[in-house]
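Visitor: okay, here's the prediction I keep looking at, along with the sequence it came from:
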Amino acid sequence: MATDIKKRLEHALDRLRYEYSEHLEEIDLYYRGKHAGPYMPRNANSEYKLLAERAVHNWLPWVVAAPLQNLQVDGFRPSTGKGDAVWDVWQSNRMDARQAIVHEGALVFGHSYVAVTPSPDGPKLTPISAMRIWAAYDDPVTDEFPLYAVQLFQSPDSGEINSARYFDNREIIDVVFTRTTAWDGTVTTTPTIAGRKPHGFDVTPIVRFATSLDLLGRSVGLVQPLIPACDRINQTWFDLLIAQTFGSFKVRYATGMAPPLDIDPATGEVRTDPETGEPLYRAVQFDPTRVMMAEDPDTKFGELSETSLEGFIKSLELNVQHMAAVSQTPPHYLLGNMANLSADALAAAESALTRKVDALKQVFGEAWESVLRLCAQALGKTKLAKDRKAQVVWRDTGSRSLAQTADAFGKLVQMVSVPPEALWDKLPGFSQTDVDKFHEYADKAAEVAAATPPPLDVKGSPEAVQAEPPKPGGAQ
């Protein structure tokens, strides 16, 4: 293996291990509901531990789903001509469905990647998680493509990393890791080149999807800032369950009398608590049909009031509202307290989410345009590959009806003289394939109109003379 490739591979593996242990693993666990447990006393019994397990509520998928469901690429528009060939690559790679995992990975971890690789059936688009790839940039802020990237593969049997794929601006190299164990138990991993293939691009065919990139090249997703809020919510849930289980009901007590010991009828011995070793007593049955009596005149009966749960519920709502504010998620998405909201009130409640989705469409749209330009280069569409004005079209996921949209677009055509063809790709509910059919029908109609001769107007004919309007002043 070449020295520079080996050094790059080792550096990428070290950086990926660092990022995995530093924050990627924690983000992945929290997003999958593997939260850190709430605080408990050291001597907590099995009941406490069971309530702690039930206190974990995973709100993070709902926070990610709010913008994710509004991010759907629906078409590709070059500045001139048609992009049918490039959109065919999108369709053949099933990206209508697979684009969601790219967006989700970027929203969860802060960034995700798509690799464009040539194949006999056309360019292949491969979504890659940030947990399985590391890319090096000369300038991580302004560079469109990385200097090189290393993707890791896991063995389906053992779950260990057994191979990798190296990308640069010339070729793609497959690497296999061979593990050897020395006599003292030391394990040595040796990378070996298993295959290499030029990809035909002049750049590294890896495109990054970054959620929020700062001037140092760092990108933070939606999950990491919400981990403290998740811990507070789970702690509040745990406290609520503790109060609900042990203190949410009235307690009747009696002083000056002791309940009978719990004796095992088979052995005649007193049963003891397996955890503490203390003797167990038979529970005194309290119900409306029983009358409590005591022989000792000093015995007293009383009642302890229940613990109010209102404070725990308000604290829980406050923590959820704080999470909604930090993540720019409409509160009614998480709390479900929407009732009789007008259209204007609903739009105001979702305004923050709308602005957030618009910002995500800008950064993700640029990344998808880079991906599709690489596809155009792989297809030999040089002009389209250099088209920096090409745009992806995002699906309109608003709540407006088709009748409202058609009425608004009709007014644009009639009052502002916007060409109808310019609005076809903005119609909600119509895909890129539908818009392409509209253009085909329009082209066929234009061809038919051009081939049809205009109607003859023979001057001097009786019909023409009769149809001619009279001249002013009665002149003949």
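Guide: It's in.

Visitor: centre-most residue in this protein?
Guide: The residue lying closest to the centre of the chain (Cα atoms, centre = their mean) is residue 104, at 2.7 Å.

Visitor: leaving out sequence neighbours, find the closest residue to that residue.
Guide: residue 68 (5.7 Å; Cβ to Cβ, 6 or more residues apart in numbering). C-beta coordinates here come from the backbone N, C-alpha and C atoms, glycine included.

Visitor: same check on residue 39?
Guide: Counting by Cβ to Cβ, 6+ apart, the residue nearest residue 39 is residue 235, at 6.4 Å.

Visitor: state the helix or strand in which that neighbour lies.
Guide: Assessed by DSSP states H and E, residue 235 sits inside helix 227-246.

Visitor: packing partners for that helix?
Guide: If you count contacts as 3 or more Cβ pairs under 8 Å, 6 or more residues apart in numbering; DSSP states H and E, helix 227-246 packs onto helix 25-31, helix 46-54, helix 310-327.

Visitor: the helix or strand just after the second one packs against which elements?
Guide: Elements were assigned by DSSP H and E; along the chain past helix 46-54, the next helix or strand is helix 60-68. Secondary structure elements in contact with helix 60-68, counted by 3+ Cβ pairs under 8 Å, 6+ apart, are helix 25-31, helix 95-109, helix 310-327, helix 331-335, helix 351-378.

Visitor: of those, which shows the lowest average pLDDT?
Guide: Ranked on mean pLDDT, the bottom entry among the helices and strands packed on helix 60-68 is helix 331-335, at a mean of 83.

Visitor: what's around the residue lying closest to residue 436 once chain neighbours are set aside, how many residues?
Guide: Ranked by Cβ to Cβ, 6+ apart and with sequence neighbours excluded, the top spatial neighbour of residue 436 is residue 84, at 6.2 Å. By other Cβ atoms under 10 Å, 13 other residues sit near residue 84.

Visitor: you'd agree residue 84 is up against residue 435?
Guide: No: counting by Cβ atoms under 8 Å, residue 84 sits too far from residue 435 to count as a contact (10.6 Å).

Visitor: and the gap between the residue nearest to residue 39 and residue 265?
Guide: Look at residue 235 and residue 265: by Cβ to Cβ, to the nearest Å, they are 44 Å apart.

Visitor: for these two, indicate the residue with more neighbours.
Guide: residue 235 (18 against 5).

Visitor: so what's the more buried one up against?
Guide: If a contact means Cβ atoms under 8 Å, 6 or more residues apart in numbering, then residue 235 has 38, 39, 55 as its contacts.

Visitor: tell me which element the second one falls in.
Guide: Same thing as residue 39. Short version, using DSSP H and E: residue 39 is in no helix or strand.

Visitor: count the residues that sit near it.
Guide: Residue 39 has 12 nearby residues by other Cβ under 10 Å.
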